[in-house]
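Asks: let me see the structure of the following:
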Amino acid sequence: MFGRSNHGWIGLDLGANSIKLAQVVRQGDRLRLTEAAIVPRSAPWREHEPITASNSSAANEIGTALVMSSKFRGRQTAAVLPTMACQFNTAPSTNDDSPAQLRAIVDELSPLGIDLSDRVFDYWPSLPNKSGHPTVNVLSTGRGWSELTAGDIRTVGLSCEAIDGLPHTLARSVAMVESITNDTIAAIDWSYTGATFVLLHRLQPVYIRQLKNTSLADAFTQIAEQLDLDEGEVVELLQSVSLGGQMATDVDEVVAELLEPTIASMVDELKRTLSHLENFGRKTTGSQSSTAPKRYYLFGGGATLRGIDKVLQRRAGGEFRVWKLDAENEAFAESKGTPLCLLASAMALSALCWEDLS
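Replies: Below is the predicted model of the structure:
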């Protein structure tokens, strides 16, 4: 699995609100974060605003991150595209990689207005459908997005080695803390424009769902207006307040009130998703627990809310964990002024250099 170099690639997480870079080194059987940077987008994306590849270059932000953090080594880079630039679908499976599988995908997606001739896509096994027939997950993005990403990376003097999809990036992040498990686990990327739920079986993504009305953007705006803060100050505030604590301050209570509609939506969506998975398990395997997550890992801006794991655990049920590694990696991230959970995807992409991608 591992190559000769101890240094991983430069991992690049292209978020809707910020650009995140990270690099890890391999020391025995552990990974250590050696450099990281987060740069806000000059124009953060909004959930319902049109975003196209032609007006969404991140080259300036990537270049700024490289200038800010001079200890990145090498030029090889792996990136993950923003969720807003991708589309998730399912299609019937033919249980092989034959032309018949490609035809099945095209036949399923064409009536939805998705023309794969101008898109880059990947597919892999999914959960069976309601009738018990096998299906595949299909992740696609406009060819312009992949070309833009590779072009931005070249513009700043780096070399694009791989462009990953969020479900697999999250699976790799979970594998960094759950190296061997047969448990069914959920990974939730709660970002500026909304949350993505990914169900992992044996650390492979088998079910993907966008959770509705979970965007943090509107809450950011309301907090900024209510407390007369700029966006950077809002981010710092949200990382310092405590949710659901018994010793809540006046500021904690104001922020909690403004976040409540978004948190309530997250709880409702999680319950709806779990109910769907349990019903699906009963119909296909006779056991509702077969597809119910044993644990939930939280990623993204929503995971930086102090106490959010306890809030979700109390209100949605289940065991929630904010993604983190050991104390040394936590301390390094803090020295860079950022919670480690924001760097999870970029770190997983850095470690991608030691995988066999053939």
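Asks: quick one: low-confidence ranges for the stretch 251-358 of the chain?
Replies: Low-confidence segments of the stretch 251-358 of the chain, defined by pLDDT under 70, are located at 281-290, 357-358.
Asks: and for the stretch 1-150 of the chain?
Replies: Low-confidence segments of the stretch 1-150 of the chain (pLDDT under 70): 1-5, 47-55.
Asks: 50 - rerun?
Replies: Low-confidence segments of the stretch 1-150 of the chain, defined by pLDDT under 50, are located at 1-3.
Asks: ok, which stretches of it are strands?
Replies: Defined through DSSP state E, counting those that start in this stretch, the strands belonging to the stretch 1-150 of the chain, from first to last, are 10-14, 18-27, 30-40, 76-80, 86-92, 119-125, 135-142.
Asks: with distance to residue 199 added, can I get those strands in TSV?
Replies: Quick note: C-beta positions are derived from backbone N, CA and C, even for glycine. Rendered in TSV, the data for these read as follows (distance: least, Cβ to Cβ, whole Å):
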stretch	distance to residue 199
strand 10-14	21
strand 18-27	24
strand 30-40	24
strand 76-80	18
strand 86-92	12
strand 119-125	12
strand 135-142	11
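Asks: switch the ones you listed over to TSV; also include mean neighbour count.
Replies: Conversion of the strands of the stretch 1-150 of the chain to TSV gives the following (neighbours: other Cβ atoms under 10 Å):
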stretch	mean neighbour count
strand 10-14	28
strand 18-27	23
strand 30-40	21
strand 76-80	26
strand 86-92	18
strand 119-125	17
strand 135-142	21
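Asks: which residues touch residue 271?
Replies: Shown in contact with residue 271 (Cβ atoms under 8 Å, 6 or more residues apart in numbering): 316, 317.
Asks: give the helix, strand or coil label for it.
Replies: Using DSSP: H, G, I helix; E, B strand; the rest coil, the secondary structure recorded for residue 271 is helix.
Asks: buried sites along the strand or helix carrying residue 207?
Replies: Secondary structure assigned from DSSP states H and E places residue 207 in strand 204-211. Using 16 or more other Cβ atoms under 10 Å as the test for burial, strand 204-211 gives 205, 206, 207, 208, 209, 211.
Asks: quick one on the thing from earlier: for residue 112, which of the strands of the stretch 1-150 of the chain is the nearest?
Replies: Shortest separation from residue 112 across the strands of the stretch 1-150 of the chain is recorded for strand 86-92, at 7.1 Å, computed as Cβ to Cβ.
Asks: quick check: angle from the closest one to strand 76-80?
Replies: Orientation of strand 86-92 against strand 76-80 (axes from the mean of the first three to the mean of the last three Cα atoms, to 10 degrees) gives an angle of 70 degrees.
Asks: for strand 86-92, name the packing helices and strands.
Replies: Using 3 or more Cβ pairs under 8 Å, 6 or more residues apart in numbering; DSSP states H and E as the contact criterion, the elements in contact with strand 86-92 are helix 99-109, strand 135-142.
Asks: residue 30: which of those is closest?
Replies: In terms of Cβ to Cβ, the element of those nearest to residue 30 is strand 135-142, at 29.8 Å.
Asks: residues touching the nearest residue to residue 208 once chain neighbours are set aside, list them.
Replies: Take residue 208 and drop its neighbours on the chain: the residue closest to it by Cβ to Cβ, 6 or more residues apart in numbering is residue 88, 4.7 Å away. Taking Cβ under 8 Å, 6+ apart as the criterion, residue 88 is in contact with 137, 138, 139, 167, 208, 210.
Asks: for residue 107, same thing?
Replies: Residues near residue 107 by Cβ under 8 Å, 6+ apart: residue 91.
Asks: please report how far it lies from residue 130.
Replies: When distances are taken as Cβ to Cβ, to the nearest Å, residue 107 and residue 130 turn out to be 19 Å apart.
Asks: check residue 181 too.
Replies: Spatial separation of residue 181 from residue 130 under the definition Cβ to Cβ is 27 Å.
Asks: in terms of neighbours, single out the busier of the two.
Replies: Just comparing residue 181 and residue 130: by other Cβ atoms under 10 Å the higher neighbour count belongs to residue 181, 16 against 10.
Asks: I'd assumed the more buried one was in a strand, is it?
Replies: No - under three-state DSSP, residue 181 falls outside any strand and is assigned coil.
Asks: and the helices in the stretch 201-350 of the chain, which stretches?
Replies: Ranges of helices in the stretch 201-350 of the chain, per DSSP state H, counting those that start in this stretch, are 217-227, 231-238, 250-284, 308-316, 327-335, 344-350.
Asks: and the ones you listed, which is most packed in?
Replies: Comparing those on average neighbours per residue, with mean count of other Cβ atoms under 10 Å, the densest one is helix 344-350 at a mean of 29.
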